[in-house]
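[1] coords please:
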Amino acid sequence: MVASTPPDTGLRVSLVVEIPSDVAYIERVVDLVRHPCAELAYTSRQLALNVPVALSEAISNAILRANHEDPTKRVRITVAVDARRLVVEIEDEGDRFDMAASTRDATSPENLEREDGRGLFLMRKLMDHVERFDATGSTGGGNVVRLTLARA
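    Predicted structure coming up:
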């Protein structure tokens, strides 16, 4: 455990962060999300592996694959974290995609050399739930990927 005292079960942190389609912002967003998780005694594994890797992959997919690094497009990250769970939604402005069809088992022999599909595979391995749905209010496209992690 990161904290020596039990987490404050009444504390709930909500964040909304909007960034341009630039990978330079990913690390700062990950740090913003990790901090309240640490305050709420998420495990060291969750703080060092689950949260940063899954969140980095989701944001980079939104920037690189969905928004194609278009500087006019934004990525919106909405976070809700409490002593029970972390829920992060990453919204892009790109074309809609089929998450099941885009996910590859990175450990299977035919995919060992491939670079695509690994991010979704990692997110699913590191989070309790990974969902994708259409962005609300976006008629031409846009995706929301929701990552959920229960505090261990």
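[2] so which strand or helix has the closest residue to R65 other than its chain neighbours?
    Among residues not flanking R65 along the chain, G94 sits closest, at 7.0 Å (Cβ to Cβ, 6 or more residues apart in numbering). In short, each C-beta sits where N, CA and C put it, glycine included. Element membership for G94 (DSSP states H and E) is empty, with no helix or strand holding it.
[3] show me the contacts for G94.
    Applying Cβ atoms under 8 Å, 6 or more residues apart in numbering to G94 gives the contacts A62, R65, A66, N67, H68, K73, G141, G142, N143.
[4] Quick check: the gap between L15 and F121.
    26 Å (Cβ to Cβ, to the nearest Å).
[5] And the two? Which one has more around it.
    F121 (18 against 15; other Cβ atoms under 10 Å).
[6] you'd agree the more buried one is in a helix?
    Yes - assessed with DSSP: H, G, I helix; E, B strand; the rest coil, F121 lies in a helix.
[7] Number the residues from 37 up from this point.
    Okay, using 37 as the starting number, the last item reads as F157.
[8] so how far is V123 from it?
    Where V123 is concerned, F157 sits at a distance of 21 Å (Cβ to Cβ).
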